[in-house]
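Chemist: structural data only, the sequence is not supplied:
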């Protein structure tokens, strides 16, 4: 038992041992009381009185900071206190501008860390940035104090507490962690995409509407989250039951629908459905939102009447190997196909090049460079004249850069005049 019978953690202690605290670090072996990742701590919910973490949070990138703070929120007791110290990014940059070269080197290490295990920095904070992040997780009484450690460089000291009425935010913290672990998302760009396109929506709906209309809110959350991955819907339902927010028998039908969507890997087949979806050029964002609305509506209807036959067509589509489905994932896959097409074009594998580029457009038809490369390939492979002109015109319409527009206009003019020798038939690199 600790000195004052309170459980106090020093997370990310490194080589600095703090008496009266459980000292935790993921890399240091000789000093720590417990070796652990700061995002997955071996403490029960609502079991810790105080957490101090000096110069650790900046070692995670911004999106992962949210998950780290959610974990600390989970284990803190009501009225439990969190104290964080981290470099003050704005003051550090201001100092950097006004000191000599040697001092600049030290400040660079302060801002970016050093290339030792666990010592590099991945993000930086102002008070306002960290305050907003803490508020989103559920902390309150957030205050900015004078830093007491590493005072040779500008630092922030943020103190806050976990409020008495924490249950809703606690639920979101646990749900967020469970989703990440169950889907096994380690890539920060994918995690950021999941957070922005799914978890943030669920959080908003849950906090605003769940208490007033539980069953309808659960259906709404299922209809939105199953599109990203039906496992997210299952985790939400399971956590609602586990935390006695609703009884299992009240949502038995909804659970069966979610399990069916998981069985057919709905999100993976939805990707293929989007690929086949009829869409125009210049408004892909709008078409995608319309597509999502249709799928949400279909899921809600299925939740109402339990008729899964309407999903037979989707169930028979080929699944794409993805962890989540959203617009970011679609664009990323399209960009990979585009660059694969450029590679095949350069290596004179023209058939494979056209196939990759057309598949890229099927996902995201608003890429000017892809249309441009198809037009060039069309000249090389003697494609239909009208098709080449169509891709040139789409490329011109979608292009933003004035210089590129001028080049395209010249190429179109040369093509119409059959002056093919004046057109560069070298692939254009896609750097969107």
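Modeler: Arrived safely. From a predicted model like this one, the values you see are computed outputs, not experimental measurements. Numbering: from 1, shown residues only.
Chemist: any idea which helix is longest in this structure?
Modeler: Counting residues, the longest helix found in the chain (DSSP state H) is helix 284-305.
Chemist: show me what counts as buried in that helix.
Modeler: 284, 287, 288, 291, 292, 295, 296, 299, 300, 302, 303 (16 or more other Cβ atoms under 10 Å). All C-beta atoms are positioned from the backbone trio N, CA, C, and that covers glycine.
Chemist: OK, contacts around residue 359?
Modeler: 275, 337 (Cβ atoms under 8 Å, 6 or more residues apart in numbering).
Chemist: how near is it to residue 370?
Modeler: 10 Å (Cβ to Cβ, to the nearest Å).
Chemist: how about TSV for the buried residues of helix 284-305, with distance to residue 278 and pLDDT added?
Modeler: Formatted as TSV, those follow (distance: Cβ to Cβ, whole Å; pLDDT from 0 to 100):
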residue	distance to residue 278	pLDDT
284	12	95
287	8	96
288	13	97
291	10	96
292	15	97
295	15	96
296	19	96
299	21	96
300	23	95
302	23	94
303	26	94
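Chemist: now, the most widely separated pair of the residues you listed?
Modeler: 284 and 303 (28.6 Å; Cβ to Cβ).
Chemist: which helices and strands sit right next to the helix or strand where residue 379 lies?
Modeler: Assessed by DSSP states H and E, residue 379 sits inside helix 368-380. Here helix 368-380 touches helix 327-346, helix 350-363, helix 385-398, helix 402-416, going by 3 or more Cβ pairs under 8 Å, 6 or more residues apart in numbering; DSSP states H and E.
Chemist: can you add distance to residue 28 and mean pLDDT and give those back as TSV?
Modeler: Formatted as TSV, those follow (distance: least, Cβ to Cβ, whole Å; pLDDT from 0 to 100):
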stretch	distance to residue 28	mean pLDDT
helix 327-346	36	97
helix 350-363	46	97
helix 385-398	53	96
helix 402-416	53	95
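Chemist: and the pLDDT for residue 1?
Modeler: Residue 1 is assigned a pLDDT of 42 by the prediction.
Chemist: now do residue 432
Modeler: pLDDT, residue 432: 54.
Chemist: number the chain from 33, please
Modeler: Done: numbering now begins at 33, and the last item shifts to residue 464.
Chemist: what values do phi and psi take at the residue sitting nearest the centre point of the chain?
Modeler: Central residue check for the chain by Cα atoms, centre = their mean: the C-alpha nearest the mean position is that of residue 224, 1.5 Å away. Main-chain dihedrals, residue 224, degrees, to the nearest 10: phi -60, psi -40.
Chemist: which residue sits closest to it, ignoring its sequence neighbours?
Modeler: residue 95 (4.3 Å; Cβ to Cβ, 6 or more residues apart in numbering).
Chemist: just how off-centre is the longest helix of the chain within its chain?
Modeler: Distance of helix 316-337 from the chain centroid (Cα atoms, centre = their mean, to the nearest Å) equals 21 Å.
Chemist: and for stretch 243-255?
Modeler: The answer for stretch 243-255 is 24 Å, by Cα atoms, centre = their mean.
Chemist: before we move on, back to that, which other residues reach the longest helix of the chain?
Modeler: Outside helix 316-337, the residues touching it (Cβ under 8 Å, 6+ apart) are 251-252, 254-256, 258-259, 285-286, 289, 293, 302, 306, 309, 311-312, 339-340, 342-343, 359, 362, 396-398.
Chemist: among those, which ones are buried?
Modeler: Applying 16+ other Cβ under 10 Å to the contacts of helix 316-337 flags 251-252, 254-256, 258-259, 286, 289, 293, 302, 306, 311, 343, 359, 362, 396-398 as buried.
Chemist: confirm residue 459 sits in a helix?
Modeler: No. If the criterion is DSSP: H, G, I helix; E, B strand; the rest coil, then residue 459 is coil and not within a helix.
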